[in-house]
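Peer 1: Have a look at this prediction, sequence included:
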2 protein chains.
Amino acid sequence: VRPYLAVDWGTSNVRAWRIGASGAPETSGEWPLGVGRLSPGEAPAVFENIIRPTLDGADIPALLCGMIGSTLGWREAPYRTCPATADDLLDALIRVTSDVAIVPGLRATGVTSAPEVMRGEETQLIGWRALHPEAEPAIICLPGTHSKWAQMQGAQIARFQTAMTGELYELLATKSILRANTTEEDGDAFLAGVEAAGDGGALSTRLFSARTRIVAAGADPRGAASYLSGLLIGAEIAAMIQSFAHTGAPIALVGAPSLTNRYSRALKHRGFASVEEDGARAVISGLSALVMRGAFDGSG
Amino acid sequence: VRPYLAVDWGTSNVRAWRIGASGAPETSGEWPLGVGRLSPGEAPAVFENIIRPTLDGADIPALLCGMIGSTLGWREAPYRTCPATADDLLDALIRVTSDVAIVPGLRATGVTSAPEVMRGEETQLIGWRALHPEAEPAIICLPGTHSKWAQMQGAQIARFQTAMTGELYELLATKSILRANTTEEDGDAFLAGVEAAGDGGALSTRLFSARTRIVAAGADPRGAASYLSGLLIGAEIAAMIQSFAHTGAPIALVGAPSLTNRYSRALKHRGFASVEEDGARAVISGLSALVMRGAFDGSG
């Protein structure tokens, strides 16, 4: 590919890489300068004064994805509607300077009448597809604060759905009656939680079991955080498997290895095969796919 | 009844009444001195030095229920197991002084392998039954931080189940991405939330709609708290209706009127009739029923 700067700019953090002609990252950086932490209008200066020089990226174009395309970011890149392909994202690319462009997010119809939205994950999805062109049909799970599950049909992102698993875990494990004194990993308690999630229904009832298993059934309180994590991830998996047409093909897990590993264990416990892919590799792959398809044609 | 002090002593607060020979409350008090706020061993002094004198309750016995019977309270009153009647509670009463006794809590088998527990609600349940001896069979909902739903068969508390609805609402409405800038009541947004709860499954997915309906579908952000409340209460109702054998008889709502009114509207929206009962009246009725059955026989 043409050398460029690949930037994944989220709510909390920004990660960026200088991609060389070989397509491999040559330099990289990560900053706690997500759009949720910037003043209005601050993004361009952060990019030009911090990100670009750190990556040795003068004179090359940059492709950005994530919340940087929201109203909180550099400039709003309106959502494209699912189903959508890499070319649809390319059509809706927002050029904010002569050599900086932002990938739009996607919207889809959710299980309620409210829409589903994503910013950044669409780039990981097309990146995952570029890395695995043969896998078909495919369910892809991107675990996180707000986990996204998506169905791809060929090169098309057909639909997707969000679960607030990471945020619920954080709130419940630190601020609720279920708060844990330790976050040490307990694999058995984790799987007990996955088991207790059942069909994913009655979640606010099942959550109470994280307390009663300790106060009334003698479980070790040191397993509390792992049990809670298993319960929430188990409920997410149960709901999503019901929602997506699962054909038996392995479910692709895309994200930080510590998190995809946890989901992989939960899926295995429920009888589902999975394959893991690093989230950073997927986002670079997605941005590079857009560059190869002409993201900078006619620019800079 | 014999005059006595009725005390509902929870985690956050304690409410107490002097019950006269007519069975009616003559004096009352409420203090932010729940067991979660007391030092170990402090409960007896709080009772004798604050509660008893305020209620003009020297020389009469006292019956206490709630978390005061937990390890954090005055003395642990071990759980009785469901099914249980008023007489079963009476058998397991804990006498902490010659004229002060504590009602035990109940445990039951929950939807997961973990047990269900309650302390205080068992007294409201037998109190509700004493007020409504004819209603049969009966599903009773006690909404709150940890809502309890119970099934009564005649005088027997057959089983019950907890939903952490109030606590989830508090966390999500104040500390999550769904936090609301206003808590003003919006009846339409509340019912939209009840509707969006669907069958109660996929709760962590449906919760995300509280955000997307605003950021991607133009809903008024002032309705955010009401929508969230409706969604959580709707999910609780859907799960509990599936869990309990609902015969079509009105569901009894026992608690603070502001809360039972909200549940009543949600139930009505889903096609279920309900009747409301004040929680304080139910707890007094339950304690008086135990006194009439001999809670203080042979004491004081």
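Peer 2: That came in fine, so what should we check first?

Peer 1: Could you list the residues in contact with stretch A:145-157?
Peer 2: Residues from elsewhere that reach stretch A:145-157 (C-beta atoms under 8 Å, 6 or more residues apart in numbering or on different chains): A:82-86, A:106, A:118, A:121-122, A:125-126, A:129, A:136-142, A:158-167, A:170, A:236, A:240, A:243-245, B:177, B:208. Yep, even glycine has a C-beta here, placed from its N, CA and C like the rest.

Peer 1: Quick one: buried ones out of those residues?
Peer 2: A:82-86, A:106, A:118, A:121-122, A:125-126, A:129, A:138-142, A:158-167, A:236, A:240, A:243-244, B:208 (16 or more other C-beta atoms under 10 Å in any protein chain shown).

Peer 1: quick one: which of the residues you listed sit in strands?
Peer 2: Among the buried ones among the contacts of stretch A:145-157, the subset assigned to strands under DSSP state E consists of A:106, A:118, A:138-142, A:158-163.

Peer 1: give me the subset of these touching chain B.
Peer 2: Residues of those in contact with chain B (C-beta under 8 Å from any C-beta of the partner chain): A:Gln161, A:Thr162, A:Ala163.

Peer 1: The longest helix seen in chain A - what's its average pLDDT?
Peer 2: In chain A, taking DSSP state H as the definition, the longest helix is helix A:224-243. Here helix A:224-243 scores 96 as its mean pLDDT.

Peer 1: by contact count, what packs against it?
Peer 2: strand A:147-153, strand A:156-163, helix A:165-175, helix A:187-196, helix A:203-206, helix A:209-215, helix A:257-269, helix B:203-206 (3 or more C-beta pairs under 8 Å, 6 or more residues apart in numbering or on different chains; DSSP states H and E).

Peer 1: For B:Gly286, which of these is the nearest?
Peer 2: Nearest to B:Gly286 among the helices and strands packed on helix A:224-243 is helix A:209-215; the distance by C-beta to C-beta comes to 22.6 Å.

Peer 1: contacts for that closest one?
Peer 2: A:172, A:177-178, A:192-193, A:196, A:219-221, A:224, A:227-228, A:231, B:110, B:112-117.

Peer 1: In PyMOL, how would I select just the buried ones from the residues you listed?
Peer 2: In PyMOL, this line selects whichever of those come out buried by 16+ other C-beta under 10 Å:
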select buried, (chain A and resi 172+178+192+193+196+219+224+227+228+231) or (chain B and resi 110+112+114+115+116+117)
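
Peer 1: Quickly list what A:Gln156 is bridged to.
Peer 2: Beta-bridge pairing for A:Gln156 (DSSP bridges): A:Gln153.

Peer 1: Please give the number of neighbouring residues around it.
Peer 2: If you count neighbours by other C-beta atoms under 10 Å in any protein chain shown, A:Gln156 ends up with 17.

Peer 1: Before we move on, what's the pLDDT of the nearest residue to A:Leu203 once chain neighbours are set aside?
Peer 2: Distance criterion C-beta to C-beta, 6 or more residues apart in numbering or on different chains; nearest residue to A:Leu203, sequence neighbours excluded, is B:Leu203 at 4.3 Å. pLDDT, B:Leu203: 96.

Peer 1: didn't B:Leu203 look like it was pressed against B:Ala235?
Peer 2: Yes: the pair B:Leu203 / B:Ala235 is scored as a contact, 5.2 Å apart, by C-beta atoms under 8 Å.

Peer 1: Residue of the stretch 51-200 of chain A closest to chain B, please.
Peer 2: Per C-beta to the nearest C-beta, A:Ala114 is where the stretch 51-200 of chain A lies closest to chain B, at 3.5 Å.

Peer 1: show me the contacts for that residue.
Peer 2: By C-beta under 8 Å, 6+ apart, A:Ala114 lies in contact with B:Ala196, B:Phe208, B:Ser209, B:Ala210, B:Thr212, B:Arg213, B:Ala216, B:Ala217.

Peer 1: what two of the residues you listed are the furthest from one another?
Peer 2: Maximum pairwise distance among those (C-beta to C-beta): 14.3 Å, between B:Ala196 and B:Ala216.

Peer 1: The closest residue to A:Ile177 other than its chain neighbours: how many residues sit nearby?
Peer 2: Using C-beta to C-beta, 6+ apart and skipping the chain neighbours, the partner closest in space to A:Ile177 is A:Arg211 (6.0 Å). Neighbours of A:Arg211 under the rule other C-beta under 10 Å: 21.

Peer 1: cool, A:Ser258 as well?
Peer 2: With other C-beta under 10 Å as criterion, A:Ser258 counts 9.

Peer 1: and for B:Leu203 and B:Ala235, which residues touch both?
Peer 2: Shared contacts of B:Leu203 and B:Ala235 (C-beta under 8 Å, 6+ apart): A:Leu203, A:Ser204, B:Ala197.

Peer 1: can you put those residues in JSON lines and add neighbour count?
Peer 2: JSON lines is the format used below for these (neighbours: other C-beta atoms under 10 Å in any protein chain shown):
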{"residue": "A:Leu203", "neighbour count": "30"}
{"residue": "A:Ser204", "neighbour count": "24"}
{"residue": "B:Ala197", "neighbour count": "26"}
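
Peer 1: In the stretch 1-150 of chain A, what residue spans correspond to strands?
Peer 2: Assigned strands in the stretch 1-150 of chain A, in chain order: A:4-9, A:14-19, A:25-31, A:62-66, A:80-81, A:94-97, A:100-102, A:106-109, A:115-118, A:138-142, A:147-153 (criterion: DSSP state E, counting those that start in this stretch).

Peer 1: got those strands as a markdown table, with mean pLDDT columns?
Peer 2: Output for the strands of the stretch 1-150 of chain A, formatted as a markdown table (pLDDT from 0 to 100):
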| stretch | mean pLDDT |
| --- | --- |
| strand A:4-9 | 98 |
| strand A:14-19 | 98 |
| strand A:25-31 | 97 |
| strand A:62-66 | 98 |
| strand A:80-81 | 96 |
| strand A:94-97 | 96 |
| strand A:100-102 | 98 |
| strand A:106-109 | 94 |
| strand A:115-118 | 95 |
| strand A:138-142 | 96 |
| strand A:147-153 | 95 |
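
Peer 1: Distance to B:Leu287 added to those, as TSV?
Peer 2: Formatted as TSV, the strands of the stretch 1-150 of chain A follow (distance: least, C-beta to C-beta, whole Å):
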stretch	distance to B:Leu287
strand A:4-9	60
strand A:14-19	60
strand A:25-31	60
strand A:62-66	58
strand A:80-81	60
strand A:94-97	66
strand A:100-102	65
strand A:106-109	52
strand A:115-118	50
strand A:138-142	52
strand A:147-153	47
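
Peer 1: can you pull the contacts of A:Ile102?
Peer 2: Under the criterion of C-beta under 8 Å, 6+ apart, the contact partners of A:Ile102 comprise A:Leu63, A:Leu64, A:Cys65, A:Ile68, A:Gly69, A:Gly73, A:Trp74, A:Arg75, A:Ala77, A:Leu93, A:Ile94, A:Val96.

Peer 1: ok, now A:Leu38?
Peer 2: Counted by C-beta under 8 Å, 6+ apart, A:Leu38 has contacts A:Val46, A:Leu72.
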